[in-house]
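Q: Next come a sequence and a model predicted from it.
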Amino acid sequence: MRLKRIKTGEKLTIYALEKETGRCEFIDFFQDLQTKDRNKFIALLELVADHHPIRNNEKMRHEGDGIFALKSYQDRGLCFFDDGDHLIITHGFRKKKQKLPKRHLRKAKRLRDKYFEEKEQ
């Protein structure tokens, strides 16, 4: 797995996880957003990159086991940290219900584990 740099800020560099096929699920999700939703997510990424740690659970929330959710209204980007100053987004989705779907949390954990496995090799 490779990383695609999205944003470099004062505190963090934000990357999207790119699969061996060259597909980047977060970028695909992001590009499918309407312009106003995309602009809101861009503002969130800038906030996180420049002002980490974010203590507002309405913007960024720890979902357990080292997985965080970047939250822009119904749009979510699940992510994890690497080396303290790298935030890696695994994928994005639109949340339709009150709770975070477990399948998205499992997917983020699986992608994170695969990323660290490949990094060690």
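A: Right, received. Where do you want to start? Quick caveat, the model's predicted, so the values are computed rather than measured. Residues are numbered from 1 along each chain as shown.
Q: which helix is the longest one in this structure?
A: Using DSSP state H to define each element, the chain has its longest helix at helix 102-120.
Q: in that one, what's buried?
A: Buried residues in helix 102-120, counted by 16 or more other CB atoms under 10 Å: 104-105, 107-109, 111-112, 115. For glycine as for every other residue, the C-beta is placed from the backbone atoms N, C-alpha and C.
Q: Excluding chain neighbours, what is closest to residue 115?
A: With CB to CB, 6 or more residues apart in numbering as the criterion, residue 115 has its nearest non-adjacent residue at 5.1 Å, and that residue is residue 1.
Q: The closest residue in space to residue 48 that isn't next to it in sequence - how many residues pack around it?
A: Closest residue in space to residue 48, ignoring its immediate chain neighbours: residue 54 at 5.7 Å, by CB to CB, 6+ apart. Neighbours of residue 54 under the rule other CB atoms under 10 Å: 17.
Q: Show the contacting residues for residue 54.
A: For residue 54, the contact set (CB atoms under 8 Å, 6 or more residues apart in numbering) comprises 47-48, 60.
Q: Contacts for the longest helix of the chain, please.
A: Contact partners of helix 102-120, identified using CB under 8 Å, 6+ apart, comprise 1, 17, 63-67, 76, 78-80, 82, 88, 90-91, 93.
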